[in-house]
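Undergrad: predicted structure and sequence below. I'll ask about it afterward.
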Amino acid sequence: MAKDLASILRRKARRANGDASRCSSCNRFPLPGELMHELESHRVVCQLCLADLPEPHRVTISCERVHASDKPLAVIARAA
C-alpha cells in the first residue's frame with residue numbers, strides 16, 4: 001500500500017485518465033498542479049522536459065494545469 005501522497009495521486013491519475021495525461025517525452029504521469037505544455041509539433045510535454053528542450057523547440061501552443069480530480073472540489077464556508 002502506498003504511504004506517501006505523491007504515489008497515491010500518481011496511481012489515481014493512471015486509473016482515471018489512461019495514457020492521455022502522460023508526458024510524450026519522458027512518459028511520466030504529471031502530479032496535480034503541474035503544467036503540461038503542447039508544442040507546435042502537437043506533442044504534450046511536462047515542465048521538466050520543456051526545460052530540457054533547446055530554445056528553438058520550446059514554442060508552445062497551449063498550457064494546461066493538471067487537476068486532482070474530474071469532479072469539482074466542494075468548498076465549504078467556515079464558521080466565523
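TA: Perfect, thanks for sending it. Residues are numbered from 1 along each chain as shown.
Undergrad: show me where the chain dips below the pLDDT cut-off.
TA: Counting by pLDDT under 70, the ranges of the chain that qualify are 1-3, 10-20, 70, 72-73.
Undergrad: where do the helices sit along it?
TA: For the chain, applying DSSP state H gives helices covering 5-17, 47-52.
Undergrad: what about the strands in this structure?
TA: Taking DSSP state E as the criterion, the chain carries its strands at 35-39, 44-46, 60-65.
Undergrad: which elements pack onto the shortest one?
TA: Judged by 3 or more C-beta pairs under 8 Å, 6 or more residues apart in numbering; DSSP states H and E, the packing partners of strand 44-46 are strand 35-39. Glycine gets a C-beta too; all of them are placed from N, C-alpha and C.
Undergrad: which residues does the strand it packs on contact?
TA: 21, 23, 30, 44-47, 50, 57-66 (C-beta atoms under 8 Å, 6 or more residues apart in numbering).
Undergrad: and the angle for it with strand 60-65?
TA: Using axes from the mean of the first three to the mean of the last three C-alpha atoms, to 10 degrees, the direction of strand 35-39 lies 160 degrees away from that of strand 60-65.
Undergrad: give the buried residues for strand 35-39.
TA: Neighbour-count burial for strand 35-39 flags 36, 37, 39 (criterion: 16 or more other C-beta atoms under 10 Å).
Undergrad: surely residue 32 and residue 66 touch.
TA: Yes - counting by C-beta atoms under 8 Å, residue 32 does reach residue 66; the two are 5.4 Å apart.
Undergrad: which one is residue 61 nearest to, not counting chain neighbours?
TA: residue 38 (4.7 Å; C-beta to C-beta, 6 or more residues apart in numbering).
Undergrad: now restrict the contacts of strand 35-39 to buried residues only.
TA: Buried, going by 16+ other C-beta under 10 Å: 21, 23, 30, 44, 45, 46, 50, 66, out of those.
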